[in-house]
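Chemist: Predicted coordinates and the sequence they were generated for:
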Amino acid sequence: MGNWIQAAIKHPGALREKLGVQTGETIPAKKLADTHKNLSKAAEGPKKLTGSQRKLLKQVNLARTLKSMKK
């Protein structure tokens, strides 16, 4: 399946909008790492993430994966 990236990105710019990054700018790696850390910490133990938090975590994970593939 050669076009999995195109199929994985349903709403281009959604993560950028949620993180408050202007259109045309790259999302800083530190902002992605901090968001991932905060969401992972919120999910520790018996606590559960809300639906929007789970979706944001998936978007951040995909962005981090794509950033690492670019190298």
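Modeler: Nice, thanks for sending it over. If you're wondering where the values come from, they're calculated on a predicted model, not measured in any experiment.

Chemist: Pass me the low-pLDDT residue ranges in this protein, would you?
Modeler: For the chain, residues meeting the criterion pLDDT under 70 lie at 1, 70-71.

Chemist: Report the contact partners of the spatially most central residue of it.
Modeler: Centroid-nearest residue in the chain, with C-alpha atoms, centre = their mean: Val60, separated by 1.3 Å. Counting by C-beta atoms under 8 Å, 6 or more residues apart in numbering, Val60 touches 15, 32, 35-36, 39. C-beta coordinates here come from the backbone N, C-alpha and C atoms, glycine included.

Chemist: Then Ala33?
Modeler: By C-beta under 8 Å, 6+ apart, the residues touching Ala33 are Arg64.

Chemist: Now do the buried residues in the helix or strand containing it.
Modeler: Using DSSP states H and E, Ala33 sits within helix 29-42. Judged by neighbour count using 16 or more other C-beta atoms under 10 Å, the buried positions of helix 29-42 are 32, 35-36, 39.
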